[in-house]
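Peer 1: 3D model of this:
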Amino acid sequence: MAGFKQSRVAEDIKREIASLVRELKDPRISTGMLTVVRCEVSGDMSHCKVYISSFDGIEQAKEACRGLESASGLMRKEIANRLHLKKCPELKFIPDDSIEHGAEINQILKSLNIGNKEDENP
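Peer 2: You can find the predicted model right below:
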């Protein structure tokens, strides 16, 4: 049962952080499109790793994580209020390049698909 609660709280935190990111005024956070990729909550629910990705690349994600770290106190307070948690987990923001990697794979697949269409139509 503890695993179910962990995953449920992790998804709730992910949803709330995605909402809070849009409300923050820090210029490090607001530049570019940010995505909360996933959240991992520890077994004792005291720590939460939040993976952040940006369409603009890993450097922008690193900059956004620095901004989010500075706003983590406010975010913890808001998350605790919105989710009615007695104790909100400590948030650790980690930059992730999964969106950039996915875009590269998509571009490769598109180029392969174009190559296949040209071969079929002589």
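Peer 1: now residue 22: how far from residue 34?
Peer 2: Separation of residue 22 from residue 34 (C-beta to C-beta, to the nearest Å): 9 Å. Any C-beta I mention is one placed from the backbone N, CA and C, and that applies to glycine too.
Peer 1: what about those two, which has more around it?
Peer 2: residue 34 (24 against 9; other C-beta atoms under 10 Å).
Peer 1: Next one, pLDDT for that one please.
Peer 2: What the model reports as pLDDT for residue 34 is 86.
Peer 1: close enough to count as contact, it and residue 53?
Peer 2: Yes: using C-beta atoms under 8 Å, residue 34 is in contact with residue 53, at 7.4 Å.
Peer 1: any common contacting residues for the two?
Peer 2: Here residue 34 and residue 53 share the contacting residues residue 61, scored by C-beta atoms under 8 Å, 6 or more residues apart in numbering.
Peer 1: Now do the strands in the chain.
Peer 2: Counting by DSSP state E, the chain has strands at residues 34-41, 47-54, 90-96.
Peer 1: packing partners for the second one?
Peer 2: Read that as strand 47-54. helix 2-23, strand 34-41, helix 58-70, strand 90-96, helix 98-120 (3 or more C-beta pairs under 8 Å, 6 or more residues apart in numbering; DSSP states H and E).
Peer 1: Partner strands of it and their direction?
Peer 2: Each strand paired with strand 47-54, and its direction, by DSSP bridges: strand 34-41 (antiparallel), strand 90-96 (parallel).
Peer 1: For the longest one, which residues meet the burial criterion?
Peer 2: Residues 34, 36, 37, 39, 40, 41 are the ones in strand 34-41 that count as buried (16 or more other C-beta atoms under 10 Å).
Peer 1: and the angle from it to helix 2-23?
Peer 2: Between strand 34-41 and helix 2-23, the angle comes out at 150 degrees (axes from the mean of the first three to the mean of the last three C-alpha atoms, to 10 degrees).
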